[in-house]
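In: Using only what follows, build the 3D model:
(3 chains)
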Amino acid sequence: MVWTPDQPLVSLRAVFKSFGAARVLKGVSMEVMKGQVICIIGPSGSGKSTLLRCVNALVPIESGSILVEGQEVNDPKLDKLALRRKVGMVFQQYNLFPHKTALENVMMAPIHVLKRDQREVERQALALIAKVRLQGKEGAHPGELSGGQQQRIAIARSLAMNPDIMLFDEVTAALDPETVKDVLVTIRELAADGMTCMIVTHEMGFAREVANEVYFTDGGLLVEHAPPKEFFASPKDPRTRQFLDQIL
Amino acid sequence: MIIGRTDLAVLKPFRIGAAEPWRFNAWHGAALVAALIAAVGIGEAQAAPGTPDIIATMLKWTPLLAQGFALNIAMSFLAMAIGTVTGVPLGLAQVSLLPQVRASSWFVTQFFRNSPWLVLLFYCMLLLPFEVRIGHTIVPLPGWLKSTIGLSLPVMANMSELVRGAVRSIPFGQWEAADSLAMTRAQTLRMIILPQCIKRMTPPWMNLYAILTVATPLTSVVGVSEAMTLTGDILSSEGRSELLVPMYLYLLLWFFLYCYPIARATLALEKRFAVT
Amino acid sequence: MSLQPLWDWFRVLHDTSGIKLTIFYDAFDRARFLNGFLTSVRLMATCLVASVVIGVVGAWIQGSRSRVLRLVTQGYIQFFRNTPPLVQLYFFYFALGSYLKISGGNGIAVPVVTNFTWAAICLSFYAGAFNVEIFRAGIEAVPRETLEAAESLGYSRLKAYVYVILPLAFRISLPALNNNLVNLVKTTTIAYAIAVPEMLYVANQIWSDESNVPEMMNVLMIVYVALVGLLVWVMGRWERALRIPGYTTA
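Out: Below you'll find the model as predicted:
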């Protein structure tokens, strides 16, 4: 079956996952259309980060099905590298490569993985670094950048692979409050450009503003989902209400 | 040596040698020379009248001793090279994804790490042939070369452990980030993990070299004519008991002067790497 | 229970395959190899205990106020760390040993200190030099605030050290200490060089008499790897039992 853009870009069906005795995902299903921005919120340990990691096969699932552009992720014959070229991911701890400069971090994967022309990649990388408003920091090593700056370089690094979808795993959780804003602005601009995004976040204001759809997870289950206005104004499930009461 | 890095607020990292200042020339070397001079003085007092003076005797033999010492250094370089070149793949095999490869390389590493150096030396000395045939040429294996091979075995095992430890000390997030950028395992190791390991491995690698260097006199036990053997030969040819203490101290001084700066440089590197 | 059938089995092994393990079926070789083995174990045990004692005393001196004492310890550490243990052993045994001789009844000079004792002294001081540094680093890894916290709870300085600082420092030091003690046990083989009748020395005598070098070489290797492996295993278990949760040693 050939995937066409009118079908979900990512679709999960009854996904189960445990780490040892701990069951982290207990039958999760969801669909993300091209150009859609979804936010996943929920208490710690509810399986949000694992959910994202399953989508680009960083974590293998036990049962169920994950389709990315019509391709089954839960397949032993899956070409993981081909999948990951299409799926970009940004981590809570940035995970920049500390021995490379900001520019080199952005350029590495396109050159070595996509085998693209070095000069062309450099032009794109410089443009991306400008896009995340870090011109002048190209030669800096990650250790010389603030957390927020490192995180924006990490976003540029993923974008350089020209992914079809971006995964954001609590990308502001480790940041100082004053640098959070710059990162959120970058993601918002990305969403406005039409990039498909799956965002795990604790920033409720940001979720309300940027998402097309908000999902709430608790105890390995998707409890409910709705467009942000509706979700925050009138949550249906008592667990969602309790969670929102606690943090808002 | 930095062994423990911690996020625990209640404990600081464990660093051997952290409090030592760098002042090699000022104190330690001077103390050693002073001890040597004192020993020479005592020796002179004991010497029978009419024998040549001790310092002159030591100077007379210095060129020969230097030749022996050069062999020690040559053996240490060669054994370090062999041990490093074989130890790195062995260490990488220890982090292989294949369980059999992991288990067998672990066994080889532990075996050579837990064998006494002297026993390995005897093993190579007595059981290696005196020549090997490579293709049509016959390569002779003189004693010093067999000993060097013997010395390189524990170096290989220690190197393997260094590589394994360094690879495992790189945060898991680095692997995840490289994975998410569609890098292969080989690319991740070559471009992301190993370059970061080199910095961490350099100080312990230099430490290993210093340990190897002070182990080279062991080859005198299996009959290699290095500095230690020559010292013994010199002493028996002179046959003067008052020469014993000064000559052995003199030999120790050679090693000290070679190894102590390495120890200091290692410490300085550790401090620099600890900051960044 | 008699072990005679086992010894006989090795004799049959020799007769059928040519593998010549005289240390099993020849009573004389068996006795001297056993003696060598016991001498090795005795040397290892003596040095282990003595080097730890030297380490503790040295670390205590390193923390003392006297600058002279600290410098002397520092010199001792650097000297023993940066020179070959074998040359140290020769220096102790031949050079210092030449002064320490008394005349026996028949006029022949008899050494006051035996070869075994020289080896034990030298190796203990050698490993002790490393232990001083290890213990001192362990004590320094415990922050001042911990001492202040203990004192604010009413502990005296001495009691704070005994109950809080030293137990913590010891646990932090343990992995490095293990490494060093394993190294010491391997280094005891150099006692061979001054004719201490330990395992390597008697093995050498046996293979000279029986010309069974490969067999003896392999026996030696197996026995040493087993001995060191045992120490590594015991210390590893101890280390894990005393591990401080959350304090990583990556």
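In: Give me the pLDDT value at residue 1.
Out: Here I'm looking at chain A. According to the prediction, A:Met1 has pLDDT 63.
In: wrong one, chain C
Out: Here, the pLDDT recorded for C:Met1 equals 60.
In: again, but for the one 10 residues further on
Out: Reported pLDDT at C:Arg11 in the predicted model: 81.
In: Could you pull up the contacting residues of it?
Out: Applying Cβ atoms under 8 Å, 6 or more residues apart in numbering or on different chains, we find C:Arg11 in contact with C:Phe24, C:Tyr25. Where you see a C-beta, it was placed from the backbone N, CA and C, and this is true even at glycine.
In: where does it land in three-state SS?
Out: Put simply, C:Arg11 is helix when judged by DSSP: H, G, I helix; E, B strand; the rest coil.
In: cool, B:Ser104 as well?
Out: B:Ser104 is classified as helix under three-state DSSP.
In: Name the nearest residue to it, ignoring sequence neighbours.
Out: Nearest residue to B:Ser104, sequence neighbours excluded (Cβ to Cβ, 6 or more residues apart in numbering or on different chains): B:Ala93, at 7.7 Å.
In: How many residues are close by that neighbour?
Out: B:Ala93: 20 surrounding residues under other Cβ atoms under 10 Å in any protein chain shown.
In: Go through chain A and flag its longest helix.
Out: In chain A, assigned by DSSP state H, the helix with the most residues is helix A:177-192.
In: can I get the CA coordinates of it in CSV?
Out: Output of helix A:177-192 as CSV, limited to C-alpha atoms (Å, rounded to 0.1, in the frame of the first residue of the first chain):
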residue,chain,number,x,y,z
PRO,A,177,13.2,29.8,33.0
GLU,A,178,14.6,32.8,31.1
THR,A,179,15.9,30.7,28.2
VAL,A,180,12.7,28.7,27.8
LYS,A,181,11.0,31.4,25.8
ASP,A,182,13.6,31.4,23.0
VAL,A,183,13.2,27.7,22.4
LEU,A,184,9.4,27.9,22.4
VAL,A,185,9.5,30.7,19.9
THR,A,186,11.6,28.5,17.6
ILE,A,187,9.2,25.6,17.9
ARG,A,188,6.2,28.0,17.3
GLU,A,189,7.8,29.3,14.1
LEU,A,190,8.4,25.8,13.0
ALA,A,191,4.8,24.9,13.5
ALA,A,192,3.7,28.0,11.7
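In: which outside residues touch it?
Out: Contacts of helix A:177-192 (Cβ under 8 Å, 6+ apart): A:37, A:131-133, A:146-149, A:151-152, A:155, A:159, A:166, A:168, A:171-172, A:175, A:197, A:199, A:203, A:206, A:209-210.
In: among the residues you listed, which ones are buried?
Out: A:37, A:131-132, A:147-149, A:151-152, A:155, A:159, A:166, A:168, A:171-172, A:175, A:197, A:199, A:203, A:206, A:210 (16 or more other Cβ atoms under 10 Å in any protein chain shown).
In: any idea which helix is longest in chain B?
Out: Ranked by residue count under DSSP H, the longest helix found in chain B is helix B:54-94.
In: Counting by contacts, list what that one packs against.
Out: helix B:29-46, helix B:99-113, helix B:143-169, helix B:194-215, helix B:227-238, helix B:244-275 (3 or more Cβ pairs under 8 Å, 6 or more residues apart in numbering or on different chains; DSSP states H and E).
In: from these, which stretch is densest packed?
Out: By mean neighbour count, with neighbours taken as mean count of other Cβ atoms under 10 Å in any protein chain shown, helix B:143-169 ranks first of the helices and strands packed on helix B:54-94 at a mean of 22.
In: coming back round to it: need the contact list for the residue nearest to B:Ser104.
Out: B:Val101, B:Arg102, B:Ser104, B:Ser105.
In: Quickly note the distance from the most centrally placed residue in chain B to chain A.
Out: Nearest to the mean C-alpha position of chain B, counting by Cα atoms, centre = their mean, stands B:Leu212 at 2.2 Å. Shown here: B:Leu212 relative to chain A, a distance of 28 Å by Cβ to the nearest Cβ, to the nearest Å.
In: Can you read off the pLDDT for that residue?
Out: The model reports B:Leu212 with a pLDDT of 94.
In: Just list the residues touching it, thanks.
Out: B:Leu212 neighbours (Cβ under 8 Å, 6+ apart): B:Ser76, B:Ala79, B:Met80, B:Gly83, B:Leu151, B:Val155.
In: any chance of these in JSON lines, plus distance to A:Arg23 and pLDDT?
Out: Listed next are the contacts of B:Leu212 as JSON lines, based on distance: Cβ to Cβ, whole Å; pLDDT from 0 to 100:
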{"residue": "B:Ser76", "distance to A:Arg23": "56", "pLDDT": "96"}
{"residue": "B:Ala79", "distance to A:Arg23": "53", "pLDDT": "97"}
{"residue": "B:Met80", "distance to A:Arg23": "51", "pLDDT": "96"}
{"residue": "B:Gly83", "distance to A:Arg23": "48", "pLDDT": "97"}
{"residue": "B:Leu151", "distance to A:Arg23": "54", "pLDDT": "96"}
{"residue": "B:Val155", "distance to A:Arg23": "48", "pLDDT": "96"}
